Every structure is written in structure tokens, then in C-alpha cells.
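K.L.:
coordinates only, sequence not included:
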């Protein structure tokens, strides 16, 4: 089934080329079906790339999904045109009287800041508070996951000795949990972050379940026991070339950056990296939409 997105959204053409089923609002209104309404708070600077990454994953399930993109009002991104923001994004004031079946809070490249130093932190906490009563389940990604762990559960982040950057193997603690139903016992996922979460803090919290760890024994998938919040400390949504683009970006800026681990074949940056995590990323988003959103949300809010 399709995702319902605005007719003029740039990602639409690329999704069509990839044979991902999309429809516009006019056709969606003729469907006698209860679609899922998903809100995406996009905190990433290159918003069009992030839109495409998440829409690929949300469009690969048997459910009809209406997408609303949300931006912060207290911070205006400089990496995307005002036309794009004004045409395809809304602000919290315009949606706070509505209810949504699911919410995605993306990552953001602001790990060097303490949470309270982020200029939209107050706005973000207002959204997270609102989601407790108005959203069935929230998927928090990378910095968004760290923010959720800090705000909801009092678990802080800590700086890493060097950037966690590359493709890493992970294991599942309990394969019977619906979120990871169908996962292999070992799977790959991308990471790109300068901070981490202590495993012991997650395991000690009575409201959290540590569902997956990396081969370095670092938390990857964390779920609240009521399934209202799911935290992913990496970037399942990344494309095959995203880490290569980040690596080149940092080189161009003159930053000290190591080659992404376990990424380029033979660590040869001239070779195209294989997309080792595609199937599990689709599976996680499909499981989230099915078991934690569709199966839990009321037909009429």
C-alpha cells in the first residue's frame, strides 16, 4: 500500500523511479480505508535527503500512511530553501490539537551541545510531552534517541574517545519481541555519532528494555516497556552512500576523521560500499508500523 505525500514534494519523483508506491491527496481521499497518520520531526540539516530515506521505509508496508513533516519554529534550517520548508513542513502550533498514530524524531548533528543548550530544546520537550497523550508510538533516531532517553528516563549521553563511524554488527537480546520479529541473530547497521549511552544505565532502568547491542556491547535498540518510545542509537534509514558523503564532507572541512569502519570494500574509498542493512531496516519499520502503531492505535481518536 502507498504513502500519501504532497504532489510536488521533490522526493516523489525519486520514489516513483524506485517503484515505491506513492499517491497524492486527491486519490487518497477516495480510499475507504483508515490510513495511518505519521508525523516526522525532521531535525537533520539536509532535509530532502532525510525525507527520501524515511519515505522509502514507510512506503514498503501493506498499510496506507499519511505523512506530515514537522520542523522546529525556534530554529530555521539553513541547508534547505525557505520555499521547501514553507511548502512541505508545518510547525507544532498547527498540529498540537491533532492526534497521530506514529511520530518519528530524527537525529541532529548537535551532539557537542548539552541538551539544554540546544536552541530548540524547550520546543522539543513540549513536543515529547504532547506525544505522551497524542501519539500511539514514537520512534527516536540517533540524537533523537539520546534526547528521549535523557528527557523521559534521565539517562545522559557521554563523549566517545573517537567518533563511532561505520557499519557494525549487532545482536538481538530477545528475538520474540515483535519489533525485531524476523531479524537474523546477527545483523548490520550504520552509526555516525560522537557520543554514546552507557549500557548499564539502560539495563538498570525499570521502564526500559535493551533489545539489541552492537559487537562493542553498546546499546542499539532500546524500547520502553509500554512501547510508547523506541530508541535507535544508529541510522537504519541511511542509504548505502550516506557515510561516504559524510566522510567526504568532513574531509572537505579539514576535520580529523577516520575512514568509516567495515564500510568500503578493503577500505578502498574508490569502491562502492555494499548496502548490508537494507533488509533489516525495512523489517524494523514494517514491524513498528504494524505491531506498535497499526495494531495499537484506535480506529477513531
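P.N.:
Nice, thanks for sending it over. Keep in mind that this is a model prediction, so the values were computed, not measured.

K.L.:
In which helix or strand does residue 212 reside?
P.N.:
Under the criterion of DSSP states H and E, residue 212 resides in strand 208-214.

K.L.:
Next SSE downstream of that strand?
P.N.:
Per DSSP H and E, the helix or strand that comes after strand 208-214 is strand 219-224.

K.L.:
That following strand versus strand 208-214: what angle between them?
P.N.:
Between strand 219-224 and strand 208-214, the angle formed by their directions is 160 degrees, by axes from the mean of the first three to the mean of the last three CA atoms, to 10 degrees.

K.L.:
So what are the sheet partners of the helix or strand just after strand 219-224 and their directions?
P.N.:
Next in sequence after strand 219-224, counting helices and strands by DSSP H and E, comes strand 229-232. According to DSSP bridges, strand 229-232 forms sheet pairs with strand 135-141 (parallel), strand 219-224 (antiparallel).

K.L.:
got a list of what the residue lying closest to residue 281 once chain neighbours are set aside touches?
P.N.:
In space, and not counting its chain neighbours, residue 281 is closest to residue 236: 4.0 Å by CB to CB, 6 or more residues apart in numbering. Where you see a C-beta, it was placed from the backbone N, CA and C, and this is true even at glycine. When contacts are counted by CB atoms under 8 Å, 6 or more residues apart in numbering, residue 236 touches 57, 141, 189-190, 277, 280-281, 284-285.

K.L.:
how about a cut-off of 6 Å?
P.N.:
189, 281, 284 (CB atoms under 6 Å, 6 or more residues apart in numbering).

K.L.:
Take those and lay them out in a markdown table including distance to residue 113 and neighbour count.
P.N.:
Listed next are the contacts of residue 236 as a markdown table, based on distance: CB to CB, whole Å; neighbours: other CB atoms under 10 Å:
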| residue | distance to residue 113 | neighbour count |
| --- | --- | --- |
| 189 | 25 | 23 |
| 281 | 28 | 24 |
| 284 | 28 | 26 |
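
K.L.:
Can you lay out those residues as a markdown table showing pLDDT?
P.N.:
Formatted as a markdown table, these follow (pLDDT from 0 to 100):
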| residue | pLDDT |
| --- | --- |
| 189 | 98 |
| 281 | 97 |
| 284 | 97 |
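
K.L.:
Keep only those of the residues you listed that are in strands.
P.N.:
Of these, the ones assigned to strands by DSSP state E are residue 189.

K.L.:
and which of the contacts of residue 236 is nearest residue 127?
P.N.:
Using CB to CB, residue 284 comes nearest to residue 127 of the contacts of residue 236, at 22.5 Å.

K.L.:
confidence score at the closest residue to the closest one other than its chain neighbours?
P.N.:
Nearest residue to residue 284 in three dimensions, chain neighbours excluded: residue 236, at 5.9 Å (CB to CB, 6+ apart). Here the pLDDT value assigned to residue 236 is 97.

K.L.:
what's the answer for the one 5 residues further on, then?
P.N.:
Predicted confidence (pLDDT) at residue 241: the value is 97.

K.L.:
gap between it and residue 264?
P.N.:
For residue 241, the distance to residue 264 equals 11 Å [CB to CB, to the nearest Å].
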